[in-house]
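# With the sequence up front, the predicted model follows.
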Amino acid sequence: SLERVIIPKGVTYVGRDIFSGNVKDKLTIFCMGSKEDTKNWNPSWNSSFTSTFKTVYDAGTYESGNVRYTLDVAKMTASAYALAGFGGTFPAEVRYEALSAQPFAVTGITYVEEPSLTSLTVPVSVTEISRGAFAQCQNLQSITLPFAGGLPELTSDYRDNFDYIFGSGNVPQSLQTVILTGDAPISEFAFSGCTNLKYLEIRGNVPEIGNGAFGACVFESVKVSAQNEYFESVGDKYLLGKDGTLYYSCDGSLPSSGITAIAGGAFYYRKDVAAVSVPAGVKYIGANAFCGCSALASIVLPEGVERIGENAFAETAYASNAANKENGVLYIGNYLIRANSNDFFDPASCVREGTVLIADGALKNVNWMSGSESIILPESVRYIGNDAFESIPGITSVVAVGAEVIGDRVFLTDNLLYIVLGDGLKEIGEEFFRYFFRGCYFYKGTAQQWESVEIAFYNNDTTWLDSQLYFYSESAPQGEGNYWHYVNGEPVQWQ
């Protein structure tokens, strides 16, 4: 009763008479490889089997609708190669009933030969698109994809960037519309530099948009499906996260209200942004948010901002204007944005009085004046961003009594003998203690207050802090424990 036998590509031997007893008019033998591949099989194959049973060579390849499919019978999947004359829409599945009664899911696109296409549609079944698969499609005006690049998952080698599928720097100048139908994230800088794109539509449940995803793009409209759980479009003009984070603005403006954050790279290299007034209520401005906005000369930030990402205002007219710097340090209001890395600074006075926030990486890798040993921050400083100081060779003490939030890797050094922290501290980021094992932590609060401080540790183990953490006591303590007080303005352990 056997009707179909499939022999995978790569088989090197087929034994004699293995199909004897089968009805010759019923049985078809499908060789997934070519006839050439069978030359080294049992010699009786060509002389006996093929004269007895119907044999199909190259059974792993099937053409239909000007598309050549490479079939994987084990996985029941197919990859598609579009030939000249292809109409522009790939199917989600293909049937080759001689080989299988079940359809093959189209999961890969390898190439499109047809150069005249103006529209191209890839189904959501596809999970991989080869590099440069659409390089020939230089007349495209619209493309519908399940994800932005060659793979749906985020990678570290740019296979998830939009231009990967066209070949680097080869996105058609005629292309105006991109429609995303899948649920994959949009990677960092995915569409960066695609300045001819005019319309973006997100139909799938995209869960994440990376830093600078739409860098230098000037869309005329952005639409997000109402079914998306994470993002929404407002007036087809603003792309917002459901948490109030602004990810993109078509005309370079900011909503007057209703946003809580500006995403990293939201205005990355936008040349049409000349002035920015961030509305009240914004707590966070991401890395590279306005980086490269060369015409941006006026920036107003509201009170209450708690974190500004690294290079948020780099390469702007504002940052280049010496009038906005004080002793080589760029400020926006009471927010310290960045110090000139080539200048020398006195760590005891590099942060001016009244400063509320130090941005991520603001004082990273600056040059400290010879003989400098202490960083003394004004009590007005509430927020210290990630990598704010980072490498501070030669610094032996830090005073940050006003800090409420201290970010990741703020003081990367193994030279610190002590750091003084205030009782208003709420949060400490990762690796804050990593290079500080031999020093003392002088905390101005009580042990009970310390318990409420949120500390980020890889293994959540803070027990090793017990011998190095000291709590403030004005008078000599009567009980056990580690305590400290001031003597001539210096923190000293109670003996």
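That came in fine, so what should we check first?
# Quick one: the helices in the chain, in order.
All helices of the chain, identified by DSSP state H, fall at 44, 50-52, 317-320, 447-450.
# Which positions within the third one qualify as buried?
This means helix 317-320. Buried residues in helix 317-320, counting neighbours by 16 or more other Cβ atoms under 10 Å, are found at 318-319. C-betas here are computed from N, CA, C, even on glycine.
# Show me what that helix is in contact with.
294-299, 313, 324, 330, 332, 337-338 (Cβ atoms under 8 Å, 6 or more residues apart in numbering).
# Tell me the strands beside the biggest strand by length in the chain, with direction?
In the chain, assigned by DSSP state E, the strand with the most residues is strand 104-112. Strand pairing for strand 104-112, using DSSP bridges, gives strand 77-82 (parallel), strand 93-94 (antiparallel), strand 128-129 (parallel).
# Adding mean neighbour count, write those out as JSON lines.
As requested, the strands paired with strand 104-112 are exported to JSON lines (neighbours: other Cβ atoms under 10 Å):
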{"stretch": "strand 77-82", "mean neighbour count": "22"}
{"stretch": "strand 93-94", "mean neighbour count": "18"}
{"stretch": "strand 128-129", "mean neighbour count": "20"}
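# In JSON lines, list those strands along with distance to residue 488.
Output for these, formatted as JSON lines (distance: least, Cβ to Cβ, whole Å):
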{"stretch": "strand 77-82", "distance to residue 488": "76"}
{"stretch": "strand 93-94", "distance to residue 488": "81"}
{"stretch": "strand 128-129", "distance to residue 488": "68"}
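# so which of those strands comes closest to residue 69?
strand 77-82 (4.3 Å; Cβ to Cβ).
# Show me what the mean pLDDT comes to for that closest one.
On average, the pLDDT along strand 77-82 is 97.
# Equivalent analysis for stretch 385-403, please.
Computed over stretch 385-403, the average pLDDT equals 87.
# For it, which residues meet the burial criterion?
385-392, 395, 397-403.
# Show me which of the residues you listed is closest to residue 90.
Nearest member of those to residue 90, counting by Cβ to Cβ, is residue 386, at 43.5 Å.
# Who are the contact partners of the closest one?
Taking Cβ under 8 Å, 6+ apart as the test, what residue 386 contacts is 310, 360-361, 407-410, 429.
# cool, residue 229 as well?
By Cβ under 8 Å, 6+ apart, the contact list for residue 229 reads 205, 207, 242.
# Looking at the strands paired with strand 104-112, which is nearest to residue 120?
strand 77-82 (9.1 Å).
# Can you name the residues in contact with that closest one?
Contacts for strand 77-82 (Cβ under 8 Å, 6+ apart): 62, 66-72, 90, 93-94, 104-114.
# at 6 Å instead, please
Applying Cβ atoms under 6 Å, 6 or more residues apart in numbering, the external contacts of strand 77-82 come out as 67-71, 90, 94, 104-112.
# for the stretch 1-150 of the chain, which spans come out with low pLDDT?
20-25, 42-53 (pLDDT under 70).
# before we move on, the earlier item: and the contacts of helix 317-320, which two are furthest apart?
295 and 338 (19.1 Å).
# Show me which of the two is the more surrounded one.
With neighbours defined as other Cβ atoms under 10 Å, residue 295 and residue 338 compare such that residue 338 has more, 25 against 14.
# Name all residues that make contact with the residue lying closest to the more buried one once chain neighbours are set aside.
Nearest residue to residue 338, sequence neighbours excluded (Cβ to Cβ, 6 or more residues apart in numbering): residue 330, at 4.8 Å. The contact partners of residue 330, taken as Cβ under 6 Å, 6+ apart, are 319, 324, 337-338.
# Ok, residue 332 next?
Counted by Cβ under 6 Å, 6+ apart, residue 332 has contacts 299, 301.
# how close does it get to residue 326?
Using Cβ to Cβ, to the nearest Å, residue 332 is found at 12 Å from residue 326.
# again, but for residue 418
The value you get for residue 418 to residue 326, if Cβ to Cβ is used, is 29 Å.
# Other residues contacting stretch 143-159?
120-122, 124, 126, 128-129, 160-162, 164-165, 178-182, 184-187, 190.
# Between the two ends of it, how far is it?
Using Cα to Cα, to the nearest Å, the end-to-end distance of stretch 143-159 comes to 18 Å.
# repeat for stretch 230-247
Stretch 230-247 end-to-end distance (Cα to Cα) = 12 Å.
# model confidence over that stretch, on average?
The model assigns stretch 230-247 a mean pLDDT of 97.
# Report the buried residues of that stretch.
Quick answer for stretch 230-247 (16+ other Cβ under 10 Å): 231-233, 236-241, 245-247.
# possible to save these as a markdown table with distance to residue 12?
Putting the buried residues of stretch 230-247 into a markdown table (distance: Cβ to Cβ, whole Å) gives the following:
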| residue | distance to residue 12 |
| --- | --- |
| 231 | 53 |
| 232 | 58 |
| 233 | 57 |
| 236 | 60 |
| 237 | 63 |
| 238 | 61 |
| 239 | 55 |
| 240 | 59 |
| 241 | 56 |
| 245 | 58 |
| 246 | 60 |
| 247 | 55 |
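# now stretch 419-434, how far from the chain's geometric center?
27 Å (Cα atoms, centre = their mean, to the nearest Å).
# Which positions within it qualify as buried?
In stretch 419-434, counting by 16+ other Cβ under 10 Å, buried: 419-422, 425, 428-429, 431-433.
# so of those, which ones are in strands?
Those of these lying in strands (DSSP E): 419-421, 428.
# which of the residues you listed lies closest to residue 344?
residue 419 (23.2 Å).
# Which strand residues bridge that closest one?
With DSSP bridges as the rule, residue 419 is bridged to residue 398, residue 441.
# Likewise for residue 470?
Going by DSSP bridges, residue 470 forms beta bridges with residue 442.
# For residue 378, see how far away residue 480 is.
Residue 480 is 35 Å from residue 378, by Cβ to Cβ.
# isn't residue 482 right next to residue 472, touching?
No. The pair residue 482 / residue 472 is not scored as a contact, 10.6 Å apart, by Cβ atoms under 6 Å.
# ok, residue 316 - contacts?
293, 296.
# residues in contact with the closest residue to residue 440 other than its chain neighbours?
Closest residue to residue 440 apart from its sequence neighbours, by Cβ to Cβ, 6+ apart: residue 418 at 4.4 Å. Contact analysis of residue 418 by Cβ under 6 Å, 6+ apart lists 397, 439-440, 442.
# hmm, back to that, turn the contacts of residue 386 into TSV, including pLDDT and distance to residue 287.
Converted to TSV, the contacts of residue 386 look like this (pLDDT from 0 to 100; distance: Cβ to Cβ, whole Å):
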residue	pLDDT	distance to residue 287
310	97	5
360	97	7
361	94	8
407	93	12
408	90	13
409	86	14
410	87	16
429	89	15
